[in-house]
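In: Could you look at this predicted model? Sequence included:
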Amino acid sequence: MGTSCQTEIPIYSLTGLEFLVKTMEIRNIAIIAHVDHGKTTLTDCILRHTGAVTAKEDRERLMDSNALEQEKGITILAKNTSVKYKGTRINIVDTPGHADFGGEVERVLSMTDCTLLLVDAFDGPMPQTRFVLGKSLQLGHKPIVVVNKVDREGARPGYSVDKVFDLFSDLGATEEQLDFPIIYASAKQGWAVNQLSEVPGTNIEPLLDKVLEHVAAVKSESDKALQFQVTALDYNEYVGRIAIGKIYQGTMKKGADVTLAKTNGTTANYKITKLYGYEGLTRYEIDEAGSGDIVAMAGIPDVFIGDTVCDLGNPLPLPAIQVEEPTVSMFFMVNNSPFAGKEGKFVTTRNLRERLDRELETNVALRLEETEDKDRFKILGRGELHLSILIENMRREGYELQVSRPEVIIKQNEVGEKIEPYETLVMDLPDQYSGACIQELNRRKGELTGMDAHTSGITRVEYVIPTRGLIGFRGHFISETRGEGVMSSRFLRFDKYKGEIPGRKNGALISMDSGESTAYALWKVQERGELFIEPQVAVYPGMILGMNSRDSDLEVNPVREKKLTNVRASGSDEAIRLVPPKKLTLEQSIEFLDDDELLEVTPQSLRLRKKVLDASMRKRSGGGR
């Protein structure tokens, strides 16, 4: 975000809360990088150095405020903050690094004029780096490259810089963009330097100085007609919907009457009831803001992402924000299992529909399609993780629902041929595990495009593979590499349909009775495969208890108890020893699903089940294996 401009910005002093008006230059910057390369840590470092956080607020991953983000250690929602440095206001946007949340990245980049491209000194640029950098270069940004973790053992900063240059060239960067400044840093240790010879540094100031130097100030356009584009939405129970975005030109004032130009071409008039600025982690009320600033406003109940707020009677809509289309779909259904309604707070069709509609308001990469069945909704998203985060959030909010196996979206080209989404997959894994993973990817119709052995015993393997082939692969990859491998993928293109891809190799162990599972019954069942449940778990007919060791489904009785008699033969009592069950997470449960299976999701439980619960009906309908 390299927008810099002179404007009168009224703000509250966070110490005395007295009203101040300061003339400040503004820089709008985004931090983009691959998952876990240090974006959020770098933002935290800047916040601490500029004194934008209090001791009370200070903790790791300050910008990850969402509970799921802190648990998973990834950024899901793009967030913005603001710091003051040497008389300049720097608005910083921390963006998600995962391809499934690219919808967030694309729209926040439109608010900024320069990007800090963060790359790991060991890994170099990864697939998601390419995806987001391409978007940034298309917008005309001239990135600052920050090579992070240069103090890490095995760091290869020279290699990383060479790879970044190659990436810029591949993406068609201009000569001006190719002449990018480089900063070497350790965000975790809190320092940055201009040259490798200066490692280790003392603080983060060289990076902040580079931002002020590299991003040219532009003249204020606060005297022009107002154009404020909405790039994110929030909600507050007191003021209603809050629109967050950038003022491209003009001035916004609290209490002013404005015209909303919607993306569908319609207009309507409203009054700005609240206007907010950002300081560190705090959002505070202001009376006025000028061009170039990133602010939030309330007072327009039906504002959506991409809409433009303009001066009253002078609609000047900005181009709509383009977001990549979804590639994966899932069916969300009202829970109809024998245990329906027992564990959730929101269980009806109306509850489900209202929650999905609310998600659509802020989640631009998501789509909802109606089906003939009013209790069933088709949800389209950017990937398994994108959809599973929504499911997990709903679960935590008290919703009860069922979901189907993810399916890729198949389209037709101009000549009527079927086409499907393909992805670029990059894996870094120990040499001894590469053979098994390559064999599995070939089975899934993948095409090997590159292989590079590092001296450290790590091999980088690159594939182009249909998205269908990646569904369910992550769990296989983690177990095959004993948790030592790293994989990432990004959407590449739509291309010719590759034909059938083999699904799960193993069948399921299915309950034939209802009741509570017993240790004795599970002791007998565990010989047949791998269990997902333990004793004293409520089960019902058609519920999946584990994975069969063979490729067919097997009906078992998990509630059988040992028959007690008065007769005891010497030595006939056997000790019951149960192998600990494999507890599936939400993502693993979704990966396990086959076409004839569903996942029952409640605030307390995850249950795999067959779509048709009755065994005889399942056989007649051809379901199962």
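Out: Ah, there it is.
In: Sheet partners, orientation included, of whatever helix or strand V146 lives in?
Out: In the assignment (DSSP states H and E), V146 maps to strand 144-148. Note on strand 144-148: by DSSP bridges, its sheet partners are strand 114-120 (parallel), strand 182-186 (parallel).
In: Same question for the helix or strand following the longest one: list its buried residues.
Out: Remark: after strand 114-120, the chain's next helix or strand is helix 127-138, criterion DSSP H and E. Neighbour-count burial for helix 127-138 flags P127, Q128, T129, R130, F131, V132, L133, G134, K135, S136, L137 (criterion: 16 or more other CB atoms under 10 Å). For every residue, glycine as well, the C-beta is placed using N, CA and C.
In: again with stretch 237-255
Out: Result for stretch 237-255 [16+ other CB under 10 Å]: buried residues 241-252, 254.
In: What's the local residue count around R460?
Out: 17 (other CB atoms under 10 Å).
In: Next, count neighbours for the closest residue to it other than its chain neighbours.
Out: Closest residue to R460 apart from its sequence neighbours, by CB to CB, 6 or more residues apart in numbering: D452 at 4.5 Å. Counted with other CB under 10 Å, the neighbours of D452 add up to 10.
In: Remind me what the host helix or strand of D452 packs against, helices and strands.
Out: Assigned by DSSP H and E, D452 falls within strand 447-453. Applying 3 or more CB pairs under 8 Å, 6 or more residues apart in numbering; DSSP states H and E, one finds that strand 447-453 makes contact with helix 434-443, strand 458-466.
In: Let me know the angle separating it from strand 458-466.
Out: If you take axes from the mean of the first three to the mean of the last three CA atoms, to 10 degrees, strand 447-453 sits at 170 degrees to strand 458-466.
In: Specify the angle between strand 447-453 and helix 434-443 in degrees.
Out: Using the same axes, to 10 degrees: strand 447-453 against helix 434-443 is 170 degrees.
In: Run me through the strand neighbours of strand 447-453, direction for each.
Out: For strand 447-453, the pairing partners within the sheet under DSSP bridges are strand 458-466 (antiparallel).
In: who touches the partner strand?
Out: The set of residues external to strand 458-466 that reach it, using CB atoms under 8 Å, 6 or more residues apart in numbering, is 408, 420-431, 434, 437-438, 441, 444-454, 489, 492, 498, 501.
In: hmm, which of those are the buried ones?
Out: Buried, going by 16+ other CB under 10 Å: 408, 420-429, 434, 437-438, 441, 444-446, 489, 492, 498, 501, out of those.
In: thinking again about what came up before, which one of the helices and strands packed on strand 447-453 lies closest to R618?
Out: With CB to CB as the measure, helix 434-443 is the member of the helices and strands packed on strand 447-453 nearest R618 (27.3 Å).
In: Show me what the closest one is packed up against.
Out: Against helix 434-443 (3+ CB pairs under 8 Å, 6+ apart) you get strand 418-430, strand 447-453, strand 458-466, helix 473-480.
In: Reformat the ones you listed as TSV; add mean pLDDT and distance to E213.
Out: Listed next are the helices and strands packed on helix 434-443 as TSV, based on pLDDT from 0 to 100; distance: least, CB to CB, whole Å:
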stretch	mean pLDDT	distance to E213
strand 418-430	88	34
strand 447-453	88	36
strand 458-466	89	35
helix 473-480	82	42
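In: can you put these in TSV and add distance to A298?
Out: Formatted as TSV, the helices and strands packed on helix 434-443 follow (distance: least, CB to CB, whole Å):
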stretch	distance to A298
strand 418-430	38
strand 447-453	49
strand 458-466	44
helix 473-480	40
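In: related to what we said a few turns ago, average pLDDT for the strand holding V146, rounded please.
Out: The average pLDDT within strand 144-148 is 91.
In: ok, now stretch 519-527?
Out: Mean pLDDT, computed over stretch 519-527, is 90.
In: now swap in stretch 275-291 and tell me
Out: On average, stretch 275-291 scores 83.
In: likewise stretch 49-64?
Out: The model assigns stretch 49-64 a mean pLDDT of 55.
In: ok, back up a step: select, out of the helices and strands packed on strand 447-453, the one closest to V559.
Out: Closest among the helices and strands packed on strand 447-453, once you apply CB to CB, is helix 434-443, at 36.0 Å.
In: quick check: angle from the closest one to strand 418-430?
Out: 180 degrees.
In: which other residues reach helix 434-443?
Out: Contacts of helix 434-443 (CB under 8 Å, 6+ apart): 425, 427, 429, 448, 451, 459, 461, 463, 465, 469, 473, 476-477, 480-481, 485, 502.
In: Filter those down to the buried ones.
Out: Counted by 16+ other CB under 10 Å, the contacts of helix 434-443 give 425, 427, 429, 459, 461, 463, 465, 469, 473, 476-477, 480-481, 485 as buried.
In: And the furthest pair within those?
Out: Top of the distance list for the buried ones among the contacts of helix 434-443 (CB to CB): T459 and G469, 19.9 Å.
In: so how far is the strand holding V146 off the chain centroid?
Out: 22 Å (CA atoms, centre = their mean, to the nearest Å).
In: Please enumerate residues in contact with it?
Out: 33, 37-38, 42, 114-121, 157, 160-161, 164, 180-187, 192, 207, 210-211, 214.
In: Now list the buried members of the residues you listed.
Out: Buried subset of the contacts of strand 144-148 (neighbour count, 16+ other CB under 10 Å): 33, 37-38, 42, 114-121, 157, 160-161, 164, 180, 182-187, 192, 207, 210-211, 214.
In: From I465, how far off is A436?
Out: Using CB to CB, to the nearest Å, we find A436 at a distance of 16 Å from I465.
In: ignore the last one, I144
Out: Going from I144 to I465 by CB to CB gives 33 Å.
In: just so I know, which of the strands paired with strand 144-148 lies nearest S621?
Out: That would be strand 114-120 among the strands paired with strand 144-148, by CB to CB, at 50.5 Å.
In: Poorly predicted segments of the stretch 51-200 of the chain, please.
Out: 52-79, 94-106, 127-128 (pLDDT under 70).
In: Going by residue numbers, what spans are helices in it?
Out: 67-72, 102-109, 127-138, 157-170, 175-178 (DSSP state H, counting those that start in this stretch).
In: Adding distance to G87, write the helices and strands packed on strand 447-453 out as a markdown table.
Out: Output for the helices and strands packed on strand 447-453, formatted as a markdown table (distance: least, CB to CB, whole Å):
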| stretch | distance to G87 |
| --- | --- |
| helix 434-443 | 53 |
| strand 458-466 | 45 |
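In: Determine which of the ones you listed approaches S404 most closely.
Out: It's strand 458-466; of these, that one is closest to S404 (CB to CB) at 19.1 Å.
In: what helix or strand is T40 on?
Out: Counting by DSSP H and E, T40 is part of helix 39-49.
In: Could you do I379 as well?
Out: I379 belongs to strand 376-381, assigned by DSSP H and E.
In: Following element in sequence after that strand, please.
Out: helix 384-396.
In: Just the buried positions in that following helix, please.
Out: E384, L385, H386, L387, S388, I389, L390, I391, E392, N393, M394, R395.
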